[in-house]
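Undergrad: build me a structure from this.
(2 chains)
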Protein chains: 2
Amino acid sequence: MTKHSPRVGVIGGGQLARMMTPPAINLGIQIKVLAEAEGSSAQLATSMVGDYNQLDVVREFARGVDVITFDHEHVPISVLQALEAEGVNIQPPSKALAFAQNKLHMRQRLSALGLPMPAWAEIRDAASLDDFIAANGGVAILKTPIGGYDGKGVRVVRASVDAKDWLENLASFGGSLLAEEKVDFVRELAQLSARTPSGEFQAWPLVETIQENGVCSVVLAPSPEATAATLQTTAAIAKQIAEALGVTGVLAVEMFEARDGRIVINELAMRPHNSGHFSIEGSVTSQFEQHIRAVLDLPLGSTAPRAAHAVMVNLLGVDEQNNFVQALDKALAAHPDAKVHTYGKGARAGRKMGHVTVVADSAEHALAEARGAAAVLLRG
Amino acid sequence: MTKHSPRVGVIGGGQLARMMTPPAINLGIQIKVLAEAEGSSAQLATSMVGDYNQLDVVREFARGVDVITFDHEHVPISVLQALEAEGVNIQPPSKALAFAQNKLHMRQRLSALGLPMPAWAEIRDAASLDDFIAANGGVAILKTPIGGYDGKGVRVVRASVDAKDWLENLASFGGSLLAEEKVDFVRELAQLSARTPSGEFQAWPLVETIQENGVCSVVLAPSPEATAATLQTTAAIAKQIAEALGVTGVLAVEMFEARDGRIVINELAMRPHNSGHFSIEGSVTSQFEQHIRAVLDLPLGSTAPRAAHAVMVNLLGVDEQNNFVQALDKALAAHPDAKVHTYGKGARAGRKMGHVTVVADSAEHALAEARGAAAVLLRG
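TA: Numbers count the residues shown, from 1 in each chain, chains lettered A, B, ... in the order given. From the prediction side, this is the model:
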């Protein structure tokens, strides 16, 4: 019998939905995107434009697909719960997503699981924050439980007065804030994995992420310094989290390697993640293909690397003029191994507008070529 | 200054236009397809549905893009010439495409260039065909100069009476037929390359193609038996053809390796080609990305292999039921290295509906896995 090809619906028209489109086309999966506005990054796959905060909008979108998944974690849990109650297939499910949306609940749950964490505390007043700061070397990372990403909703504080405005508006953050130890780290790591509703699990090799101003700048795959034991440990952490929280699709676990040797969990993302863009060219199965396979409960693909090393360099907007198209010809001419990705976004300083990946046997060559191509594009 | 990202227009909504879509998305190129009908393989990129035989339809399509290129070679040369006269950028240009559309003109031109060819003759009557058959071992391949592909418009003849119907209707074939030596070949080869309007040229390593019933079935990349000298020779042939005929974009040169050692040219295609599908996973730059870069006159990418071997197996329709979705889960579960591609086409016996590629260090492993995954999908 002829069977319709599986239909995946993605809420959000950003670059992650955009990058899910090529593997969907290749594999013969129908992809439909609910975008916030016309002309989004995921324009080609957009089948509907509307507000994902509105239950009726998401319900209508859900009618035309076999599963709903996400480009971002901003869809209200209440909307997802209502649809799940109506039988809509949502992956990852709301009960898992809740932990990606709320950093405080994530800390509570992962602590209960005994997973390695920085010191943290729930903050309900200035006194408890000052106590936490005093107990943690005179500094803390203070986070709003909901809504922060790429450095937003995060503040370094040395006294409660540094967070006076937040503390005076606790109700708008759900009644409390999250204070975390400012980890003295030697590097940042990310463990990418995927899990299906049936329980199949696959991890990619651990990567190192280099951040600039709180935003991912460079990813080295695999992490150059990681020992076999570290690789095993971080993959096991991802598996434990995915299984305990019921995560499906791609899970990114961001971690710090502390100077004292601890590896502690920083943040979770339950969707394809900037730290996994290297996998488009660097892995037999990219995070975007794997995410689609996983949320459709199809068997997962091999996460083996295609070469010894992959390096990804982000293209962050420099101004309102350079959209990384101006120097595309120069970058391609000078760097024939570089795979340049641009997301079709308008130019804006600091915006994630594209990335460059180079896959090579030599880590030095991959880094030099990826940085070289990015530098040409950034000059415009 | 913000610059619009390049816009490529593809005439034809088949699987080749479909497979140009992922690299366009990745690279940030806008792709628009003029499809023959709604619901084509290239549906996501389709911006217009219409008849490519109509000048006004193609003219309207051309207004929204920076360059026009092709999914197939069926657009009338007269339509392309009229648009070129109006200043429309068409790559490959009509003067080159004319040789892909007309096999007789191709033989005449390549013979004039001194390129290695099977014996051939223009046939205007039964007597000249019988003479050619007598001079070539009692058999000939008879072809209509225009309109044949995948075994259509091609006939094996042992006497002119075998082509009585064609000979009585010569006018409908432009006044003559093409007779060719039936080459006693040990294998079939394909040399894939790309050239830009500015003259940059890149070749992929020679591949071996295994045909069944006149249709490509398996591609082995690189060709297992080819010596370094052969690789050099065939790449040089492709370069000479591309330059002499003014080909831009991807050029596929299909060749026979004869039992007597000759390598002779069989057919030309001036577009991405079934023999190059392996390059999606097998090469740093796929034929689809390279075609888009080439027709936009962007610098070409590296054609280096990602691993020692790539094997592609076509998924040819078996009946009107199996659309290769039924057993997708089984195929992916049993073959995690296999990259399955389906083209979103309705099921029909003999139809090219998808393919499977496996990239590996071992040729045997790649072939076994690709054949294994295809077998699961074919069983349905």
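Undergrad: can you confirm A:Ser302 is in a helix?
TA: No: A:Ser302: not assigned to a helix; according to DSSP: H, G, I helix; E, B strand; the rest coil it is coil.
Undergrad: quick one, what contacts it?
TA: A:Gln202, A:Ser283, A:Val284, A:Thr285, B:Pro336, B:Asp337 (C-beta atoms under 8 Å, 6 or more residues apart in numbering or on different chains). In short, each C-beta sits where N, CA and C put it, glycine included.
Undergrad: A:Leu300: which of those residues is nearest?
TA: A:Gln202 (4.5 Å; C-beta to C-beta).
Undergrad: hey, what's that closest one bridged with?
TA: A:Ala194 (DSSP bridges).
Undergrad: distance of it relative to B:Met20?
TA: 29 Å (C-beta to C-beta, to the nearest Å).
Undergrad: which residue is the nearest non-sequential neighbour of the spatially most central residue of chain A?
TA: Nearest to the mean C-alpha position of chain A, by C-alpha atoms, centre = their mean, lies A:His273 at 2.9 Å. Residue nearest to A:His273 in three dimensions, not counting chain neighbours: A:Ala252, with 3.4 Å by C-beta to C-beta, 6 or more residues apart in numbering or on different chains.
Undergrad: just A:Gly64 next, same as before
TA: A:Lys32 (6.1 Å).
Undergrad: report the contact partners of that neighbour.
TA: By C-beta under 8 Å, 6+ apart, A:Lys32 lies in contact with A:Arg7, A:Val8, A:Gly9, A:Val10, A:Ala45, A:Thr46, A:Ser47, A:Met48, A:Phe61, A:Gly64, A:Val65.
Undergrad: is whichever strand or helix holds the third one up against chain B anywhere?
TA: Applying DSSP states H and E as the criterion places A:Gly9 in strand A:7-11. No: Strand A:7-11 stays clear of chain B (C-beta under 8 Å from any C-beta of the partner chain), getting no nearer than 11.3 Å.
Undergrad: go on, stretch A:79-92?
TA: No: remark: stretch A:79-92 sits outside contact range of chain B, by C-beta under 8 Å from any C-beta, the gap being at least 15.7 Å.
Undergrad: gap between the two ends of that stretch?
TA: Counting by C-alpha to C-alpha, to the nearest Å, you get 14 Å between the two ends of stretch A:79-92.
Undergrad: returning to that earlier point: of the contacts of A:Ser302, which belong to strands?
TA: A:Gln202 (DSSP state E).
Undergrad: who wins on neighbours among the contacts of A:Ser302?
TA: For these, the largest neighbour count, defined by other C-beta atoms under 10 Å in any protein chain shown, is 25 neighbours, found at A:Ser283.
Undergrad: near chain B, which residues of the stretch 1-150 of chain A show up?
TA: So far as C-beta under 8 Å from any C-beta goes, the stretch 1-150 of chain A lies against chain B at A:1-6, A:18-19, A:21-23, A:25-28, A:30-31, A:44-45.
Undergrad: could you chop chain A up by domain?
TA: Domain segmentation of chain A under automatic domain parsing yields A:7-90, A:119-181, A:185-379.
Undergrad: out of these, which gets the lowest mean score?
TA: Among the domains of chain A, domain A:119-181 has the lowest mean pLDDT, at a mean of 92.
Undergrad: run the chain-centre distance for that one.
TA: Chain-centre distance of domain A:119-181: 23 Å, with C-alpha atoms, centre = their mean, to the nearest Å.
Undergrad: check stretch A:70-77 too.
TA: Centroid separation for stretch A:70-77 versus its chain: 12 Å, with C-alpha atoms, centre = their mean.
Undergrad: okay, buried residues for that stretch please.
TA: A:Phe70, A:Asp71, A:His72, A:Glu73, A:Val75 (16 or more other C-beta atoms under 10 Å in any protein chain shown).
Undergrad: and those residues, which is closest to A:Leu315?
TA: Nearest to A:Leu315 out of these is A:Asp71 (C-beta to C-beta; 18.6 Å).
Undergrad: so who does the residue lying closest to that closest one once chain neighbours are set aside touch?
TA: Closest residue to A:Asp71 apart from its sequence neighbours, by C-beta to C-beta, 6+ apart: A:Gly12 at 2.9 Å. Neighbour list for A:Gly12: A:Val33, A:Leu34, A:Ala35, A:Glu36, A:Ala42, A:Tyr52, A:Phe70, A:Asp71, A:His72, A:His74 [criterion: C-beta under 8 Å, 6+ apart].
Undergrad: okay, and the beta partners of A:Val49?
TA: The partner residues for A:Val49, given DSSP bridges, come to A:Ala35.
Undergrad: quick one: the helices in the stretch 151-300 of chain A?
TA: Using DSSP state H, counting those that start in this stretch, the helices found in the stretch 151-300 of chain A span residues A:164-167, A:228-245, A:279-282, A:287-295.
Undergrad: in terms of secondary structure, what does the second one contact?
TA: In terms of contact count using 3 or more C-beta pairs under 8 Å, 6 or more residues apart in numbering or on different chains; DSSP states H and E, helix A:228-245 is assigned the packing partners helix A:94-101, helix A:103-112, strand A:185-195, strand A:201-203, strand A:249-258, strand A:263-269.
Undergrad: relative to the whole chain's centre, how far out is that helix?
TA: That offset, for helix A:228-245, works out to 17 Å (C-alpha atoms, centre = their mean).
Undergrad: give the buried residues for it.
TA: So, applying 16+ other C-beta under 10 Å, buried residues of helix A:228-245: A:Thr230, A:Leu231, A:Thr233, A:Thr234, A:Ala235, A:Ile237, A:Ala238, A:Lys239, A:Ile241, A:Ala242, A:Leu245.
Undergrad: ok, the first one next?
TA: Along helix A:164-167, the positions that meet the burial threshold by neighbour count (16+ other C-beta under 10 Å) are A:Trp166, A:Leu167.
Undergrad: interface residues of the stretch 201-350 of chain A facing chain B?
TA: Counting by C-beta under 8 Å from any C-beta, the stretch 201-350 of chain A sits next to chain B at A:280, A:284-285, A:293, A:298-302, A:304, A:306-307, A:320-326, A:328-329, A:332-333, A:336-337, A:339-344, A:346-347.
Undergrad: ok so, going back, tell me which entries of the contacts of A:Gly12 lie within strands.
TA: A:Val33, A:Leu34, A:Ala35, A:Phe70.
Undergrad: redo the residues you listed as a markdown table? Include distance to B:Gln81.
TA: Formatted as a markdown table, the ones in strands among the contacts of A:Gly12 follow (distance: C-beta to C-beta, whole Å):
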| residue | distance to B:Gln81 |
| --- | --- |
| A:Val33 | 40 |
| A:Leu34 | 44 |
| A:Ala35 | 41 |
| A:Phe70 | 50 |
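Undergrad: max pairwise distance over these: which two?
TA: The widest separation within the ones in strands among the contacts of A:Gly12 (C-beta to C-beta) is 12.6 Å, between A:Ala35 and A:Phe70.
Undergrad: ok, A:Met20 touching A:Ile292?
TA: Yes: the criterion here is C-beta atoms under 8 Å, and A:Met20 meets it with A:Ile292 at 5.9 Å.
Undergrad: next up, the contacts around A:Pro76.
TA: Counting by C-beta under 8 Å, 6+ apart, A:Pro76 makes contact with A:Asn53.
Undergrad: and the residue of the stretch 151-300 of chain A nearest chain B?
TA: Nearest residue of the stretch 151-300 of chain A to chain B, counting by C-beta to the nearest C-beta: A:Pro299, 3.8 Å away.
Undergrad: and that residue, what does it touch?
TA: A:Pro299 is in contact with A:Thr196, A:Glu200, A:Arg293, B:Asp329, B:Leu332, B:Ala333, B:Pro336, counting by C-beta under 8 Å, 6+ apart.
Undergrad: and if we set it to 7 Å?
TA: By C-beta atoms under 7 Å, 6 or more residues apart in numbering or on different chains, the residues touching A:Pro299 are A:Glu200, A:Arg293, B:Asp329, B:Leu332, B:Ala333.
Undergrad: same question for A:His341.
TA: Contact analysis of A:His341 by C-beta under 7 Å, 6+ apart lists A:Gly354, A:His355, B:Asn26, B:Leu27, B:Gly28.
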